[in-house]
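[1] Sequence first, predicted coordinates after that:
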Amino acid sequence: MPGGRLTRQERQQIALGLADDLSYAEIARRLDRPTSTVTREVMRNGGPGAYRPDLAQHATERRARRRREPGRDGGPPSSPGGTDAVRAYEETFTTLFMQQGLPRIAAGVLTCLYTADTGSLTAAELVDRLRVSPASISKAIPVLESHGLVVRERGEGRRERYVADGDVWFQSMIAAARNNAQLAETARQGVAILGRSSPAGARLENMARFLDFVGESIARAAEQARDLLTTPGDAVADDRTPARD
C-alpha cells in the first residue's frame, strides 16, 4: 500500500470520485489508500461539497513550507511548532469535529482549545496556531458559542480568552435526550390522529416508546457520568444545569 503524501493526480481522482457520489471507502480502495487518509483529506479541505484538488494541493504545499521554516520544528508538544505526531493528532481531531458538522476553522479552534496546556487561548494565539486571519477566528467563535462549545472569559486588559466548556458533553447528551423527547411527543400526536389500530398509528407508537426509552437512558447516563467523573475544579455553575422535568 502506498504511503506518503497524496499526489496531485490522486487528489484529482478523489474529486472525480466525490462527483460520482462514491463513498470514501470506495475512493480509497481505488487509490489503494486507507479510508482514513481520504476522509481526512476531504474534510480538511472543505468537505465533500467544496473539495477542490488544486486548492487542496496548494494547501498541502503551503503547510510543508511552513514546517521547513526556521524554528518550526522541535518545539514542545503543546506549541504551534510541536512534533509531527502532535500535528497529526490535531488534524485527526479537527477532522472528527468537521464530521460532526463544524466548519473547518471552528473545528480547528476547538481542537486548539482542547489540546492547549493552558486550557484557554486568546484570538491572537488562535491566529498564530491556526495560521488564519483574525476575521476567521471572529467568525468561528460565535459558531462554537451557538453550540455551547466555547465560553468567553475576561483576560488581561481588554483581551478575551476562549475556553472549551468542560461541561459540553453533558450539555450535548441532555440536548440529544430533549430532541428524542420532542420526536416521541410528535409521534404520539400522530397516533392520536391516525388511530392506534391503524398500521401507521402502531408504527408511530412503537417509535415514541423507543425514543422515550433511549432519551431517558441518555439523560440518566449523562447525569450519572457527570456525578462520578467530574472533579471539584470542573464543577458547573447551578444556573447552567438544565432543570429536570
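    Yes, it's here.

[2] alpha carbons only for contacts and neighbour counts from here, please
    Will do.

[3] Convert the C-alpha atoms of stretch 129-136 to CSV, please.
    Output of stretch 129-136 as CSV, limited to C-alpha atoms (Å, rounded to 0.1, in the frame of the first residue of the first chain):
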residue,chain,number,x,y,z
ARG,A,129,-1.6,28.5,16.0
LEU,A,130,-4.0,28.0,13.0
ARG,A,131,-2.3,30.5,10.7
VAL,A,132,-5.6,32.1,9.7
SER,A,133,-6.8,35.7,9.7
PRO,A,134,-8.3,37.4,12.8
ALA,A,135,-11.6,37.7,10.9
SER,A,136,-11.7,33.9,10.5
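
[4] tell me which helix or strand of this structure sits lowest on mean pLDDT?
    helix 53-68 (a mean of 74; mean pLDDT, DSSP states H and E).

[5] Mind listing what's buried along the lengthiest helix in the chain?
    Longest helix of the chain, by residue count under DSSP state H: helix 199-229. Neighbour counts over helix 199-229 (16 or more other C-alpha atoms under 10 Å) mark 201-202, 204-209, 211-212, 214-216, 218-219, 222, 226 as buried.

[6] can you check stretch 150-168 too?
    Buried residues in stretch 150-168 (16+ other C-alpha under 10 Å): 150-152, 160-167.

[7] For the residues you listed, which two are the farthest from each other?
    Glu160 and Asp167 (19.9 Å; C-alpha to C-alpha).

[8] ok, Thr94 to Ala219 distance?
    27 Å (C-alpha to C-alpha, to the nearest Å).

[9] Please read the previous query as pertaining to Arg104.
    From Arg104 to Ala219 the distance is 30 Å (C-alpha to C-alpha).

[10] What is the burial count for the closest residue to Ala200 other than its chain neighbours?
    Once flanking residues are discounted, Ala200 sits nearest to Leu194: 6.9 Å by C-alpha to C-alpha, 6 or more residues apart in numbering. By other C-alpha atoms under 10 Å, the residues close to Leu194 number 15.

[11] wouldn't Leu194 be in contact with Gly201 here?
    Yes. Here Leu194 reaches Gly201: they are 5.4 Å apart, a contact under C-alpha atoms under 8 Å.

[12] domains of the protein?
    Following the assignment in automatic domain parsing, the chain carries domains at 8-68, 84-164, 168-240.

[13] Ends of the longest one, what's the gap?
    Spelled out, that is domain 84-164. OK, domain 84-164 end separation, C-alpha to C-alpha: 24 Å.

[14] Report the mean per-residue pLDDT for it.
    Per-residue pLDDT values over domain 84-164 give a mean of 86.

[15] Output the contacting helices and strands for whichever strand or helix holds Ile137.
    Here Ile137 sits within helix 134-146, counting by DSSP states H and E. If you count contacts as 3 or more C-alpha pairs under 8 Å, 6 or more residues apart in numbering; DSSP states H and E, helix 134-146 packs onto helix 104-115, helix 123-130, strand 150-154.

[16] tilt between it and helix 104-115?
    70 degrees (axes from the mean of the first three to the mean of the last three C-alpha atoms, to 10 degrees).

[17] Flag every buried residue along helix 134-146.
    137, 140-141, 143-144.

[18] Ok, stretch 189-198 next?
    In terms of neighbour count (16+ other C-alpha under 10 Å), stretch 189-198 has its buried residues at 189-191, 196.

[19] In PDB, could you pull the C-alpha coordinates for it?
    The C-alpha trace of stretch 189-198 is given here as PDB (Å, rounded to 0.1, in the frame of the first residue of the first chain):
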ATOM      1  CA  GLN A 189     -49.700  13.100  18.200                       C
ATOM      2  CA  GLY A 190     -49.700  11.100  15.000                       C
ATOM      3  CA  VAL A 191     -51.000   8.100  16.900                       C
ATOM      4  CA  ALA A 192     -54.000  10.200  18.100                       C
ATOM      5  CA  ILE A 193     -54.700  11.500  14.600                       C
ATOM      6  CA  LEU A 194     -54.200   8.200  12.600                       C
ATOM      7  CA  GLY A 195     -55.500   5.900  15.200                       C
ATOM      8  CA  ARG A 196     -53.700   3.300  17.300                       C
ATOM      9  CA  SER A 197     -55.300   0.400  15.500                       C
ATOM     10  CA  SER A 198     -54.000   1.600  12.100                       C
END
